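Q: Predicted model and sequence follow; I will ask about them next.
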Amino acid sequence: MANEKVRNPLFHIVKRKNIPWYKAWAIRAAAIIAALIVCAVITMLLTGENPIQIYITIFKGAFGTPRKTWVLFQNLSILLCVSLAVTPAFRMRFWNIGGEGQLLIGGLAAAACMILLGDKLSNGALIPIMIISSIAAGAIWGVIPALFKAKWNTNETLATLMMNYIATQLVAFFIIVWEVPKGSGKIGIINQSSEAGWLPQIGGQKYLLNIIVVAVLTVLMYVYLNYTKHGYEISVVGESEKTARYVGIKVEKVIIRTMLLSGAICGIAGLLLVGGTDHTITTTIGESRGFTAVMVSWLAKFNPIFMIFTSFLLVFLNRGASEIATVFSLNKSFSDILTGVILFFIIGCEFFINYKISFRKKGAKEEVKHV
Amino acid sequence: MENKVAAVKMRNITKTFGNITANDKVWLDIYKGEILALLGENGSGKTTLMNMLSGIYFPDEGQIFINGREVVIRSPKDAFDNGIGMIHQHFKLVDVLSAAENIVLGLREKGKLDLNAVSKRITELCEKYGFDLDPKQKIYDMSVSQKQTVEIVKLLYRGADILILDEPTAVLTPQETDKLFAVLRNMRDAGKTIVIITHKLNEVEELSDRVAILRRGRFVGDMKTSESNAAELTNMLVGHPVTLSIERPEPKDPKKKIEVKHLSVRNIDGILKLDDVSFEARSGEILGIAGISGCGQKELLEAIAGLQTVESGSITYYDENGNPEELIGKDPLEIMELGVSLSFVPEDRLGMGLVGNMDISENMMLRSFRHGKSPFLNRKNPYALAGKIIKDLDVNTPGINTQVRKLSGGNVQKVLVGREIALAPKVLLTAYAVRGLDINSSYTIYDLINKQKEKGVAVIYVGEDLDVLLELSDRILVLCGGKVSGIVDGRSAQKREVGLMMTRVGGAKDGE
């Protein structure tokens, strides 16, 4: 009996003890490095270029010129803004994937003000009206699914998703109504000569205002979620609706209030895009940030400060990947492939942070043979 | 040991979950044809140890020998192949299928499925061991005890020789427990090996041949049941001598606090859960509520706390001066704000009373976060309260900032009860306050409840352990299928009488 061969499994999965933060970050760093290596191999196989060259290209795509750097931060701030918007809803386990639509509607409201009131009001009156209407439009778009959820417990994921399509179609409709010149199917730059409703530039920099607004929002959101009674209620509702009811939190009220906030911030993102940088509106002005924001928020574990890093990472990779596609004359899908590879590694590494794999120990079997 | 054959030998078994060591180098022998009681306090690692035998978990270290041969059990299927089967606390049955269908579910026998043949085999098994089971009956029509029978027959049908039962009596009435024990003895006599996981000493003494004790994940010792006594076992269990008696001070100046009249409640599916329930709870008194689980206890407490929609009837609260205040129609917050303090320890502690992912201090905040006009949270007071409760109730935790879900059941319960009592309630509602708690923690909780009673609080205590209810309560209300089966005096009531009332309204004769 003592000599019998017993086959222990080669490895088994064990839940980790609380791992120290530096180890967790080491694992994440390793994942990014592994991702970059795989990306380099793929690119090399397809283009025959030197991997170092490829990384330099990625970096150049993000920071190559002052303009590229500004664009990077602009993209970062809008993505972060939408991520900040969806985060309170996510903390409440309300899966708001309607950020895209809420942003579009906010932008549409800003554009409408610019077009309809641009020649009637001075900027001093017009811009506050734009701010209010964008925020209100986003909030309304966010609160509709929340009302349905609160009253009839409908599925918020489906409802917010469908609201995106409605928003897109509404924007498409108004583009035709307001198109310039007629028949072009485009609005073009609004109030190009008067610059009515254009948000002010700070220090002559086109993007600085957006960056400052989002930085302030990030801090406010962090405080709101972690230090206020509202933020606490959101967490309790998210963790356990039953417990929330038991301590007398009015769950429906919290859901509606939080989605008003979530939609309102998406509205601000729309305002910044339309009034601050693009001065026009298209159906794709959001560039799917409403969906990318879901990832930003999740990767950062719903912490607004971490979200700065995760949104930076995604924007950096995106800009770098599209630069590779341009420089090595590959099409846009190639940069999507690279982004996909990188995300796969980043998301996958969370498994290794939560679990460890312990392999069969050699000799361990010999421990007890005298039974 | 007397020439007995070890069916199972576990050697040096270690299992950790994160920071918690559930089992630490455990040695355990289980002999063929015996009933072994695996005794241990909550969190002592009994269930974890058995889960490794039944393939739910895989040990970090150690070896398992079945009938002398070393085996590796990676999955429940491996366990079955070795003749090991386990019955968990939560039954794993498909409600809409019949007993026979559940029993063959997942079996990959060759040929066509012949339910009649299956039923015949099941009937044979039942006759052999003395089960009472109709193979054609649907699970949703069954009582808890019948479902348990299905689980046991399922294992026997699959040829299990070693049966592990995890706290099998927790959901049974005294009469059903007797029946279960008789069947288990028959199975032992037929050569099966049986392990029951329990923390109830009287069951160990009544049923088992041998008892093995775990404490804090370690094996403490084993002995023949006939050579042990309750005091000795308790000492081994807890690690130091404890006195096992519950005080029952006389109620002082009882006054009507809560009056329930003709209360009827339907659940979401429209099923009548409470049917014309009337009673009163008095200050300085413990009103015990007995009943098989699911007989309306939950709905009753939730109705008083304002968490349950009421179909008809009234619930009246009387304040210090005897002024009545109707509670129905008020939400939980209004009930609190009116000065009606209902401290409600829900049945499902983590699911309803606490937030598992929050730390102890944040859980204290659940009750107090609204205080003050500032939009910001006051974290200081809850933090202080958390510290006080940890100290006063001897909560075993790495710190105040530990997430509640990482605490063991007993400590979770202490946190919850401690918080509710800190509200200085006038009426304390508790459900299963000691469910799954070890002896030490249970007595701490009984003490706390008694102290509240002496302060003049009206306590409504829903319990599942009849012995404790009979020792603790001043009066006992027995629920049966949502009806009041009777209200008896806690000091003179007999266990058997209450047991009968639990199964039949009024406790009328059950044929004996």
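A: Cool, the structure landed.

Q: use CA for all of it now, contacts and neighbours both
A: OK.

Q: Spell out which parts of chain B neighbour chain A.
A: In this structure, chain B approaches chain A at residues B:11, B:17-19, B:58, B:63, B:68-72, B:307, B:331-333, B:351-357, B:366-367, B:369-370, B:375-377, judged by Cα under 8 Å from any Cα of the partner chain.

Q: what's the pLDDT at whichever residue of the stretch 51-200 of chain B sits closest to chain A?
A: Residue nearest to chain A within the stretch 51-200 of chain B: B:Val72 (6.3 Å; Cα to the nearest Cα). pLDDT, B:Val72: 88.

Q: Does it touch B:Ile66 like I think?
A: No - at 9.7 Å, B:Val72 does not count as touching B:Ile66 under the criterion of Cα atoms under 8 Å.

Q: Would you map the helices across the stretch 201-350 of chain A?
A: Using DSSP state H, counting those that start in this stretch, the helices of the stretch 201-350 of chain A run over A:208-227, A:229-239, A:241-246, A:251-271, A:289-299, A:304-327, A:332-354.

Q: Pick the most deeply packed of the ones you listed.
A: When you average the neighbours per residue for each of the helices of the stretch 201-350 of chain A (mean count of other Cα atoms under 10 Å in any protein chain shown), helix A:251-271 leads with a mean of 27.

Q: That one - contacts with which helices or strands?
A: Other elements packing on helix A:251-271 under the criterion 3 or more Cα pairs under 8 Å, 6 or more residues apart in numbering or on different chains; DSSP states H and E are helix A:66-91, helix A:99-117, helix A:123-152, helix A:229-239, helix A:241-246.

Q: CA atoms of the last one as PDB?
A: It stands for helix A:241-246. Listed next in PDB are the C-alpha coordinates belonging to helix A:241-246 (Å, rounded to 0.1, in the frame of the first residue of the first chain):
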ATOM      1  CA  GLU A 241     -31.200  46.000  -1.600                       C
ATOM      2  CA  LYS A 242     -32.800  44.100   1.300                       C
ATOM      3  CA  THR A 243     -30.500  45.600   3.800                       C
ATOM      4  CA  ALA A 244     -31.200  49.000   2.400                       C
ATOM      5  CA  ARG A 245     -34.900  48.600   2.900                       C
ATOM      6  CA  TYR A 246     -34.400  47.100   6.300                       C
END
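
Q: Show me what the mean pLDDT comes to for it.
A: For helix A:241-246, mean pLDDT rounds to 88.

Q: how distant is it from the center of its chain?
A: 29 Å (Cα atoms, centre = their mean, to the nearest Å).

Q: Residues contacting it, please?
A: A:Glu233, A:Val236, A:Val237, A:Lys250, A:Val251, B:Leu307, B:Pro332, B:Gly351, B:Met352, B:Gly353, B:Leu354, B:Val355 (Cα atoms under 8 Å, 6 or more residues apart in numbering or on different chains).

Q: pLDDT and distance to A:Lys356 added to those, as JSON lines?
A: Formatted as JSON lines, the contacts of helix A:241-246 follow (pLDDT from 0 to 100; distance: Cα to Cα, whole Å):
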{"residue": "A:Glu233", "pLDDT": "95", "distance to A:Lys356": "34"}
{"residue": "A:Val236", "pLDDT": "94", "distance to A:Lys356": "30"}
{"residue": "A:Val237", "pLDDT": "94", "distance to A:Lys356": "32"}
{"residue": "A:Lys250", "pLDDT": "91", "distance to A:Lys356": "41"}
{"residue": "A:Val251", "pLDDT": "92", "distance to A:Lys356": "38"}
{"residue": "B:Leu307", "pLDDT": "84", "distance to A:Lys356": "42"}
{"residue": "B:Pro332", "pLDDT": "84", "distance to A:Lys356": "44"}
{"residue": "B:Gly351", "pLDDT": "69", "distance to A:Lys356": "29"}
{"residue": "B:Met352", "pLDDT": "77", "distance to A:Lys356": "32"}
{"residue": "B:Gly353", "pLDDT": "82", "distance to A:Lys356": "33"}
{"residue": "B:Leu354", "pLDDT": "87", "distance to A:Lys356": "29"}
{"residue": "B:Val355", "pLDDT": "88", "distance to A:Lys356": "27"}
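
Q: Identify, from those, the entry nearest to B:Asn51.
A: B:Gly351 (23.7 Å; Cα to Cα).

Q: For chain A, give me the ranges with low pLDDT.
A: Applying pLDDT under 70 to chain A flags residues A:1-9, A:17-18, A:332, A:360-371.

Q: Highest mean neighbour count out of the helices and strands packed on helix A:251-271?
A: Among the helices and strands packed on helix A:251-271, helix A:99-117 has the highest mean neighbour count (mean count of other Cα under 10 Å), at a mean of 29.

Q: Who are the packing partners of it?
A: The contact analysis (3+ Cα pairs under 8 Å, 6+ apart) places helix A:99-117 against helix A:66-91, helix A:123-152, helix A:156-178, helix A:251-271, helix A:289-299.

Q: Please convert those helices to CSV, extending it with distance to A:Leu209.
A: Below are these laid out as CSV (distance: least, Cα to Cα, whole Å):
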stretch, distance to A:Leu209
helix A:66-91, 10
helix A:123-152, 14
helix A:156-178, 25
helix A:251-271, 12
helix A:289-299, 19
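
Q: and B:Thr193, what is it in contact with?
A: With Cα under 8 Å, 6+ apart, B:Thr193 has these contacts: B:Ala7, B:Ile30, B:Tyr31, B:Lys32, B:Gly33, B:Glu34, B:Ile35, B:Asp161, B:Ile162, B:Leu163, B:Met187.

Q: ok, so what distance separates it from B:Glu34?
A: Distance from B:Thr193 to B:Glu34, counting by Cα to Cα, to the nearest Å: 5 Å.

Q: could I get the contacts of helix A:241-246 as TSV with distance to B:Lys257?
A: As requested, the contacts of helix A:241-246 are exported to TSV (distance: Cα to Cα, whole Å):
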residue	distance to B:Lys257
A:Glu233	32
A:Val236	31
A:Val237	32
A:Lys250	27
A:Val251	30
B:Leu307	19
B:Pro332	18
B:Gly351	28
B:Met352	25
B:Gly353	24
B:Leu354	27
B:Val355	30
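
Q: Check the residues you listed against B:Glu250 and report the nearest one.
A: Ranked by distance to B:Glu250 (Cα to Cα), the contacts of helix A:241-246 are led by B:Gly353 at 30.4 Å.

Q: Skipping its backbone neighbours, what lies nearest the closest one in space?
A: Setting aside the residues directly before and after it, B:Gly353 is nearest to A:Thr243 in space (Cα to Cα, 6 or more residues apart in numbering or on different chains), at 5.4 Å.

Q: any idea how far that neighbour lies from B:Leu201?
A: Where B:Leu201 is concerned, A:Thr243 sits at a distance of 34 Å (Cα to Cα).

Q: Let me see the ranges of the helices in the stretch 151-300 of chain B.
A: With DSSP H, counting those that start in this stretch as the criterion, the stretch 151-300 of chain B has helices at B:174-189, B:201-207, B:230-238, B:297-305.

Q: okay if I get those as CSV plus mean neighbour count and mean pLDDT?
A: Listed next are the helices of the stretch 151-300 of chain B as CSV, based on neighbours: other Cα atoms under 10 Å in any protein chain shown; pLDDT from 0 to 100:
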stretch, mean neighbour count, mean pLDDT
helix B:174-189, 17, 89
helix B:201-207, 16, 86
helix B:230-238, 18, 80
helix B:297-305, 22, 87
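
Q: would TSV of those helices with distance to A:Ala321 be doable?
A: Converted to TSV, the helices of the stretch 151-300 of chain B look like this (distance: least, Cα to Cα, whole Å):
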stretch	distance to A:Ala321
helix B:174-189	68
helix B:201-207	68
helix B:230-238	63
helix B:297-305	57
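
Q: what's the helix or strand hosting B:Tyr383 in contact with?
A: Assigned by DSSP states H and E, B:Tyr383 belongs to helix B:380-392. Helix B:380-392 is contacted from outside by B:360-362, B:364-365, B:368, B:395-397, B:400, B:415, B:418-419, using Cα under 8 Å, 6+ apart.
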